[in-house]
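K.L.:
Take this sequence and fold it.
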Amino acid sequence: MSDTRPIVVVTRQLPAPVERHAAGLFDVRLNATDTPLTAEQLGEAMRTADALLPTVTDAITAAILGISPRRVRIVANFGVGYNNIDVATARSLGIVVTNTPDVLTDDTADLAMTLMLMAARRAGEGERLVRAGAWTGWRPTHMLGTRVSGKTLGILGLGRIGRAVAKRASDGFGMRVIYFDPPVPIGEARACGASPRESIEDVLRESDFVSLHMPASPENRHLMNADRLAIMPRHAILINTARGDVIDEAALTVALERGTITAAALDVFEREPAVNPALTKLENVVLLPHLGSATTEARVAMGERALTNLETFFSGTPPRDRVA
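P.N.:
The predicted model follows:
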């Protein structure tokens with residue numbers, strides 16, 4: 001008997017429990033080698049499958065979405081961000097797009113705090129020193145960093161993750177938290193210990209640490225440019241767990257080299273997986289390989305959320321996490 005279940009193409013290897021569950025629900029086509037699909041392969045998937053389950057690293061462009069003939073009716077993205085998908089084109093073609101919010105909030109917020117602490121206490125530099133066998137012993141003035149507790153944290157983008165970071169900083173480290181994100185109700189901000197400011201520039205001027213949590217969009221591209229970096233205090237540290245292109249990496253490199261700001265800590269980059277070579281040569285920047293949601297719990301939950309969106313769609317009900 002032929003399998004009449006919906007055909008779902010999964011573009012990257014997912015946690016084993018998620019893949020097993022997917023195989024029980026759908027006629028699923030898995031990526032056993034975990035090799036990124038080419039544009040041609042993504043186009044073929046659009047022609048032959050009922051659904052596509054891509055990740056944030058897959059560029060689902062207008063050309064791929066508009067391929068003819070097209071069979072795919074839903075793109076269930078594995079990730080809270082969906083700037084990898086041309087949502088406007090999908091909407092115009094009647095293709096449903098979903099994401100996986102909520103389930104990675106705590107893990108990404110934890111990593112933002114990790115980056116803040118690493119940069120403040122020069123943990124990356126210290127580990128490299130020890131691994132290189134160059135540590136000569138404790139001394140009072142060696143590798144002095146800066147205290148985190150009691151300092152001012154500025155947050156740009158007070159969505160789910162931004163609020164979770166604010167709560168950790170305020171409750172756990174006694175930090176004074178300020179933010180810029182006009183659409184956020186004041187009550188929600190107060191609940192996580194954050195106070196509003198009138199502009200991005202106001203946040204930058206007051207902050208010892210600045211953590212970025214805004215979505216990727218044309219308006220937010222290079223939001224942190226040379227002019228805004230220059231507004232920050234010289235002792236300030238910039239943290240990014242949002243999207244790489246919200247920072248002008250060339251401008252950031254110059255700012256770090258000249259001491260315009262003290263340090264930066266980045267989990268995302270403009271041209272992932274490529275990293276600006278100039279950044280890799282600097283000691284005052286922490287560089288991580290996009291680990292924001294990289295816990296077993298979060299990645300399994302993300303996969304299950306994507307499967308739930310697919311199940312809901314194929315049952316004839318609007319998916320909970322529809323974004324287009």
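K.L.:
which residues make contact with stretch 81-99 from outside it?
P.N.:
Applying CB atoms under 8 Å, 6 or more residues apart in numbering, the external contacts of stretch 81-99 come out as 54-62, 65-66, 70, 72-77, 79-80, 215-217, 243, 306, 309, 313, 319-324. The C-beta positions use only the backbone N, C-alpha and C, and glycine is treated the same way.
K.L.:
what's the answer for stretch 5-20, then?
P.N.:
Residues from elsewhere that reach stretch 5-20, judged by CB under 8 Å, 6+ apart: 22, 25-34, 36-37, 42, 45, 48-55, 57-58, 78, 296, 299-300, 303-304, 307, 310, 314.
K.L.:
likewise stretch 53-66?
P.N.:
For stretch 53-66, the external contacting residues (CB under 8 Å, 6+ apart) are 8-12, 22, 36-37, 39, 42-43, 46, 52, 75-79, 81-86, 89-90, 93, 95, 272, 306, 310.
K.L.:
Out of the residues you listed, name the ones that lie in helices.
P.N.:
Among these, the members found in helices (DSSP state H) are 22, 39, 42-43, 46, 89-90, 93, 306, 310.
K.L.:
Now the two most distant members of those.
P.N.:
The two members of those with the most space between them (CB to CB) are 22 and 89, at 25.9 Å.
K.L.:
Those two: which has the busier surroundings?
P.N.:
residue 22 (22 against 18; other CB atoms under 10 Å).
K.L.:
Now do the contacts for that one.
P.N.:
By CB under 8 Å, 6+ apart, the residues touching residue 22 are 8, 10, 14, 28, 30, 53, 303, 307.
K.L.:
make it 7 Å
P.N.:
With contact taken as CB atoms under 7 Å, 6 or more residues apart in numbering, residue 22 is in contact with 8, 10, 28, 307.
K.L.:
Is it possible to get CSV of these that adds neighbour count?
P.N.:
Formatted as CSV, these follow (neighbours: other CB atoms under 10 Å):
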residue, neighbour count
8, 26
10, 28
28, 23
307, 24
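K.L.:
wait, which of those residues is closest to residue 225?
P.N.:
residue 10 (37.4 Å).
K.L.:
Determine how far stretch 83-100 lies from the middle of the whole chain.
P.N.:
19 Å (CA atoms, centre = their mean, to the nearest Å).
K.L.:
scratch that, stretch 270-278
P.N.:
15 Å.
K.L.:
Go through it and flag the buried ones.
P.N.:
Residues 270, 275-276 are the ones in stretch 270-278 that count as buried (16 or more other CB atoms under 10 Å).
K.L.:
now do stretch 193-211
P.N.:
Within stretch 193-211, judged by 16+ other CB under 10 Å, the buried ones are 193-194, 196-197, 200, 203-204, 206-211.
K.L.:
Next, check those against the strands and list the overlap.
P.N.:
Here DSSP state E is the test, and those give 194, 196, 209-211 as lying in strands.
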